[in-house]
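Student: Starting from these lines, generate the structure:
(2 chains)
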Protein chains: 2
Amino acid sequence: MENGDSRVRSVEKDLKPPKTPARVIGLTGAPGAGKSTVTGALVAAFLARGVTVAVLAVDPSSPFSGGALLGDRIRMQGHATEPGVFIRSMGSRGRLGGLSAAAPQAIRVLQAAGYQVILVETVGVGQAEVEIASAADTTVVLVVPGMGDSVQAAKAGVLEVADVLVVNKADRPDARAAVRDLRAMAALARGGWQPPIVTTVATANEGIDDLVRQLDRHDAWLDESGERARRRLARARGEVTALAFGQLAGVLAVPDSLAARVADGELGPHQAASELLAAAGLAGA
Amino acid sequence: MENGDSRVRSVEKDLKPPKTPARVIGLTGAPGAGKSTVTGALVAAFLARGVTVAVLAVDPSSPFSGGALLGDRIRMQGHATEPGVFIRSMGSRGRLGGLSAAAPQAIRVLQAAGYQVILVETVGVGQAEVEIASAADTTVVLVVPGMGDSVQAAKAGVLEVADVLVVNKADRPDARAAVRDLRAMAALARGGWQPPIVTTVATANEGIDDLVRQLDRHDAWLDESGERARRRLARARGEVTALAFGQLAGVLAVPDSLAARVADGELGPHQAASELLAAAGLAGA
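Tutor: A predicted model of the protein is given here:
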């Protein structure tokens, strides 16, 4: 599936969704925010409840996928051999359809495999992360005190997708300032759900209970408000669009002759795009 | 044009490219790398030669465009009133076709307006920046010593697109280590052009002459090697593809009923994509 193998198409109709759909929780934040440690702590918390957990660690900047985990992800390995846990890292750079296609497909497979909670961890803060977050039911954004993370996250539009905000490494001196900054920014949030701010010291397992509680609160709100159905519909729409565009990439390959006319300034690019669509039997909107 | 106004299509055929196409130079690097200061110094250097310069500051994370410049970009304002200089910031978040469509169009207009050098500055390090870089003839990647920038840049695939590497703030203690790291990574570069590493202290105008010299060297190499023509062809192809997809977005809107069947697990997303294409009179590749 990660390789865009066409056999996925014939397999997908056999992927029956479970009666109770999995809870998909996205975690994002700048490098060094402690995402893997928080993810590890959440895995332990859910396992303690008897809930099966899958972790999908997506690195939008890496072309590599596989079971081999990179860098600090090793720390999660402690859980990798426990029953009821599945951990896989996934590079998505340069894939057809990008993240918007790859992550939802992986989630679909993990859900069909019966995992009750799917944690999707993404490295970095940026548009790619916002995209992945949009595939989750609940999105957790991590910041660390004194790193300017909250400002960066705000700039990248990441705070707008946050359902739960976590100030990790909250034993650092600037933790209160970070909470204050986030509170000010979160106050501007869309109506309906006010993102709570949780402080954690994930390495010491501090604040994880509170985080789980806020995740549960958001999960309940998703059903009460009808937001879960809206999000799942939007996600399905995005996935289908990305796949349709992917399937069209071959049809819409730009011939050399057409590209050359644009490069030479003979033809405007909009005009060339219209010609391309017309040649494929399509009229643009 | 930034708003995706359809009148752009009728205007573009009147945009005649100049006899000598503009030199398009992309600058990218992490926040705090000193991009604006380096850009400002380059503007001054080109102006001193009697060359007209346009600066396009693209912020992939911002939805805002305009003449109003943000944050440290203010520092460039000193040049904004000089004759022969044009400076504009451009947000591109959430735009149809994204950066791959917006930046080349802006470059086309600035070129038609007669600017001889176009500096495209992008904020941040990531896929978006790689995309913008691919719109330039020469791409400059800035790193600062001791910030782990080079590692981050390598991870994001930014080094792969670097034609000239700049270690800015080279008066910092870790400058030599940064140069050494970059040299090791640059040695892995694609054949043909070996990216030089320039050290600068842009705030003191140090190293800017050397940077301009390396930019000129690369510019000459582009012609000798035939690489300029290859890049322009690839850029035209990318631009046409992005616009064609943009024009199709309306045609390929996913109906609610189809999205609902996917969300409910009744229909696989690949199958739904095929149905969507078929309904639009298209067969996928």
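Student: Residue ranges of each domain in chain A, please.
Tutor: Residue ranges for the domains of chain A, per automatic domain parsing: A:7-238, A:253-285.
Student: These: which one's closest to residue B:160?
Tutor: Closest of those to residue B:160 is domain A:7-238, at 10.6 Å (criterion: Cβ to Cβ). Bear in mind the C-beta positions are built from the backbone N, C-alpha and C, glycine included.
Student: how far does that closest one stretch from start to finish?
Tutor: 21 Å (Cα to Cα, to the nearest Å).
Student: who's in contact with residue A:12?
Tutor: By Cβ atoms under 8 Å, 6 or more residues apart in numbering or on different chains, the contact list for residue A:12 reads A:108, B:268, B:269, B:270, B:271.
Student: Repeat the analysis, applying 7 Å as the threshold.
Tutor: B:268, B:270 (Cβ atoms under 7 Å, 6 or more residues apart in numbering or on different chains).
Student: Would you mind naming what in the stretch 151-285 of chain A lies close to chain B?
Tutor: A:155-157, A:232-233, A:236-237, A:239-241, A:243-245, A:247-252, A:254, A:258-260, A:262-263, A:265, A:268-273, A:276-277, A:281-282, A:284-285 (Cβ under 7 Å from any Cβ of the partner chain).
Student: Keep only those of the residues you listed that are in helices.
Tutor: Residues of those located in helices (DSSP state H): A:155, A:232-233, A:236-237, A:239-241, A:243-245, A:247-248, A:258-260, A:262-263, A:269-273, A:276-277.
Student: Please convert the buried members of the residues you listed into ChimeraX selection syntax.
Tutor: Burial among those is assessed by 16 or more other Cβ atoms under 10 Å in any protein chain shown; the matching ChimeraX selection reads:
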select /A:155,232,233,236,237,239,240,241,243,244,245,247,248,258,259,260,262,263,269,270,271,272,273,276,277
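Student: Now do the strands for the stretch 51-200 of chain A: every range, in order, please.
Tutor: Using DSSP state E, counting those that start in this stretch, the strands of the stretch 51-200 of chain A run over residues A:53-59, A:85-91, A:117-122, A:138-143, A:164-167, A:197-199.
Student: Can you add mean pLDDT and give the domains of chain A back as a markdown table?
Tutor: As requested, these are exported to a markdown table (pLDDT from 0 to 100):
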| stretch | mean pLDDT |
| --- | --- |
| domain A:7-238 | 79 |
| domain A:253-285 | 85 |
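Student: Distance to residue B:32 added to these, as JSON lines?
Tutor: Formatted as JSON lines, the domains of chain A follow (distance: least, Cβ to Cβ, whole Å):
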{"stretch": "domain A:7-238", "distance to residue B:32": "9"}
{"stretch": "domain A:253-285", "distance to residue B:32": "34"}
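Student: what about these, which gets the closest to residue B:206?
Tutor: Of all the domains of chain A, domain A:7-238 comes closest under Cβ to Cβ, at 26.6 Å.
Student: Quick one: distance of that closest one to the chain centre.
Tutor: Domain A:7-238 sits 6 Å away from the centroid of its parent chain (Cα atoms, centre = their mean, to the nearest Å).
Student: in the stretch 51-200 of chain A, which spans are helices?
Tutor: For the stretch 51-200 of chain A, the helices defined by DSSP state H, counting those that start in this stretch cover A:77-80, A:98-112, A:127-133, A:149-155, A:175-186.
Student: What distance do you get for the closest residue to residue A:112 other than its chain neighbours to residue A:136?
Tutor: Sequence neighbours aside, residue A:15 is the residue nearest to residue A:112 in space, at 4.1 Å (criterion: Cβ to Cβ, 6 or more residues apart in numbering or on different chains). Using Cβ to Cβ, to the nearest Å, residue A:15 is found at 19 Å from residue A:136.
Student: Residue A:239 now?
Tutor: For residue A:239 relative to residue A:136 (Cβ to Cβ), the value is 13 Å.
Student: next one: residue A:282
Tutor: 34 Å.
Student: Compare those two and say which is more crowded by neighbours.
Tutor: Using other Cβ atoms under 10 Å in any protein chain shown as the criterion, residue A:282 and residue A:136 rank with residue A:136 on top: 25 against 21.
Student: Next, the closest residue to that one other than its chain neighbours: phi, psi?
Tutor: Among residues not flanking residue A:136 along the chain, residue A:26 sits closest, at 3.2 Å (Cβ to Cβ, 6+ apart). Dihedral pair for residue A:26: phi -90, psi 140, per degrees, to the nearest 10.
Student: so residue A:26 touches residue A:139, yeah?
Tutor: Yes. When contacts are counted by Cβ atoms under 7 Å, residue A:26 is listed as touching residue A:139 (4.5 Å).
Student: All set now, cheers.
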